[in-house]
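In: Return a 3D structure for these sequence lines:
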Amino acid sequence: MAEIWSDTLWPVIVIVFYVLVIAVPLMLAMAYLTYAERKIIGAIQLRQGPMTVGPYGLLQPLADGAKLFFKETVIPTGSNKIVFVLAPMVTFVLALVGWAVIPFGYGLVLANINVGVLYLFAISSLGVYGIIMAGWASNSRYAFLGALRSSAQMVSYEIAIGLIIINVLITAGSLNLSEIVLAQTGLWYAIPHFPMFMIFIVSILAETNRHPFDLPEDEATLVTGYNVEYSSMTFALFFLGEYMNMILMSAIAVILFLGGWLPPFAIFPFTLIPGPIWFILKVCLVLFIFIWARATLPRYRYDQLMRLGWKIFLPLSLAWVVLTSGFLVYFDMLPR
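Out: Numbers count the residues shown, from 1 in each chain. Now for the predicted structure:
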């Protein structure tokens, strides 16, 4: 009996423990990202934001979660009920499993696989299926149109994101996310690849359907788009999945361009701060850009969104791949 416990059950318990160590703080961060967003936008617009529930409104995310949890789940009569319920689950789970390969510090990663970038590509590509399922299963014109917009938008900007990441992979010479971070010791890739870093930030705004590219949820024309028929916890899963994707994309930007857990300067006081703290601070900086964009920028038209992705970002990122490759070959700087 002891051998069965040690050989089979104990490794499973350890893995579940590691998953909970990552998932539970992420859930809290996701809940309080909504609070931070409302507070920051309130400050930009010269108002207070949440102030009533708890001191300084700190309990507002818990109150919102309790409200959604106890509300009735309404399923439309003409919908495909199984797909309708599965769609938000797919969106939320895919946003969560991407964190399996994200390194929080040196050696602090759940699965340190050598093809971590390809894993993240696969997860982000599957994310569109939850939205398509929701739009089709809702049996609503507004929901279906929002789902079509989202699928076209995500596919368009995934191409630009892929070409941008190729520049980082060529420079680092590895698909392992931890090795990409270590390759930035002394020089973050945001400096030599600054134009690609800026395009990447704009592209992840479009990839996560965030303002000013939130065309799939355009209230003026689509009545909130693909999630118009959802309520209570099914709506909450879409809502939380969106914010989880924001945090995941911010973490990817930090790993690829901002040195991951590495401090900004190799000076003694900076090295006293642990690597995971630097990682969290950088992720918060990128998340602030998400919120800042929502508070200040007007929404794009859909034709402007597509023109930006296909006629500007795609040629620029492709040209940068050629320039990066030519530079590394000419100066014999390819990673060995």
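
In: Output the lowest mean pLDDT helix or strand found in the chain.
Out: Between all helices and strands in the chain, the lowest mean by mean pLDDT, DSSP states H and E belongs to helix 2-4, at a mean of 55.

In: Toward the C-terminus, what is the element adjacent to it?
Out: Going down the chain from helix 2-4, the next helix or strand is helix 10-44, by DSSP states H and E.

In: Quick one: mean pLDDT for the next helix or strand after that following helix?
Out: Following helix 10-44 in sequence order, the next helix or strand is helix 60-70 (DSSP H and E). For helix 60-70, mean pLDDT is 87.

In: ditto for stretch 150-159
Out: Computed over stretch 150-159, the mean pLDDT rounds to 84.

In: what's it in contact with?
Out: 124-125, 127-128, 131-132, 135, 203, 206-207, 209, 213, 215-216, 225-226, 305-306, 309-310, 313-314 (CB atoms under 8 Å, 6 or more residues apart in numbering). All C-beta spots, glycine's among them, are computed from the backbone N, C-alpha and C.

In: how about 7 Å then?
Out: Residues outside stretch 150-159 that contact it (CB atoms under 7 Å, 6 or more residues apart in numbering): 124-125, 128, 131-132, 203, 206-207, 209, 213, 215-216, 226, 305-306, 309-310, 314.

In: Now go through those and say which are in helices.
Out: Of the contacts of stretch 150-159, the ones assigned to helices by DSSP state H are Ser124, Ser125, Val128, Ile131, Ile132, Ser203, Ala206, Glu207, Leu305, Met306, Leu314.

In: Any of these buried? List them.
Out: Buried subset of the ones in helices among the contacts of stretch 150-159 (neighbour count, 16 or more other CB atoms under 10 Å): Ser124, Val128, Ile131, Ile132, Ser203, Ala206, Glu207, Leu305, Met306, Leu314.

In: Per the annotation, how does this protein divide into domains?
Out: The chain breaks down into these domains under automatic domain parsing: 1-70, 82-330.

In: Indicate which one of those is closest to Pro76.
Out: domain 82-330 (5.2 Å; CB to CB).

In: so how far is the closest one from its chain's centroid?
Out: Distance of domain 82-330 from the chain centroid (CA atoms, centre = their mean, to the nearest Å) equals 4 Å.

In: quick one: low-confidence parts of the stretch 101-250 of the chain?
Out: Counting by pLDDT under 70, the ranges of the stretch 101-250 of the chain that qualify are 216-224.

In: ranges for the helices of the stretch 51-200 of the chain?
Out: In the stretch 51-200 of the chain, helices defined by DSSP state H, counting those that start in this stretch lie at 60-70, 81-97, 116-137, 141-172, 177-182, 194-207, listed in chain order.

In: Minimum distance to Val12: which of those helices has it?
Out: Val12 sits nearest to helix 81-97 of all these, at 17.1 Å, using CB to CB.

In: Need the CA coordinates for that closest one. CSV is fine.
Out: Extracted in CSV, the C-alpha atoms of helix 81-97 (Å, rounded to 0.1, in the frame of the first residue of the first chain):
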residue,chain,number,x,y,z
LYS,A,81,-27.8,24.3,-24.6
ILE,A,82,-24.7,22.1,-24.3
VAL,A,83,-22.5,24.2,-26.5
PHE,A,84,-24.0,27.4,-24.9
VAL,A,85,-22.8,26.3,-21.5
LEU,A,86,-19.5,24.8,-22.7
ALA,A,87,-18.4,28.0,-24.5
PRO,A,88,-17.5,30.1,-21.4
MET,A,89,-15.9,27.1,-19.8
VAL,A,90,-13.6,26.7,-22.8
THR,A,91,-12.7,30.4,-22.8
PHE,A,92,-11.9,30.4,-19.1
VAL,A,93,-10.0,27.1,-18.9
LEU,A,94,-7.8,28.0,-21.9
ALA,A,95,-6.9,31.4,-20.3
LEU,A,96,-5.8,29.5,-17.2
VAL,A,97,-3.8,26.6,-18.7
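
In: can you start the count at 16 instead of 1 from here on
Out: Okay, using 16 as the starting number, the last item reads as helix 96-112.

In: Which strands or helices does it pack on?
Out: In terms of contacts (3 or more CB pairs under 7 Å, 6 or more residues apart in numbering; DSSP states H and E), helix 96-112 is packed against helix 131-152, helix 247-272.

In: just the CA coordinates of the shortest one, formatted as PDB?
Out: Output of helix 131-152 as PDB, limited to C-alpha atoms (Å, rounded to 0.1, in the frame of the first residue of the first chain):
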ATOM      1  CA  GLY A 131       7.000  26.800 -24.400                       C
ATOM      2  CA  VAL A 132       6.400  29.400 -27.200                       C
ATOM      3  CA  LEU A 133       4.700  26.900 -29.400                       C
ATOM      4  CA  TYR A 134       2.500  25.800 -26.400                       C
ATOM      5  CA  LEU A 135       1.400  29.400 -25.900                       C
ATOM      6  CA  PHE A 136       0.700  29.700 -29.700                       C
ATOM      7  CA  ALA A 137      -1.500  26.700 -29.500                       C
ATOM      8  CA  ILE A 138      -3.400  27.900 -26.400                       C
ATOM      9  CA  SER A 139      -4.000  31.400 -27.900                       C
ATOM     10  CA  SER A 140      -5.200  29.900 -31.200                       C
ATOM     11  CA  LEU A 141      -7.700  27.700 -29.400                       C
ATOM     12  CA  GLY A 142      -9.100  30.700 -27.500                       C
ATOM     13  CA  VAL A 143     -11.200  31.800 -30.400                       C
ATOM     14  CA  TYR A 144     -13.300  28.600 -30.300                       C
ATOM     15  CA  GLY A 145     -15.000  29.600 -27.100                       C
ATOM     16  CA  ILE A 146     -16.200  32.800 -28.600                       C
ATOM     17  CA  ILE A 147     -17.300  31.100 -31.900                       C
ATOM     18  CA  MET A 148     -19.200  28.500 -29.900                       C
ATOM     19  CA  ALA A 149     -20.900  31.200 -27.800                       C
ATOM     20  CA  GLY A 150     -22.000  33.200 -30.900                       C
ATOM     21  CA  TRP A 151     -23.300  30.200 -32.800                       C
ATOM     22  CA  ALA A 152     -25.000  28.400 -29.800                       C
END
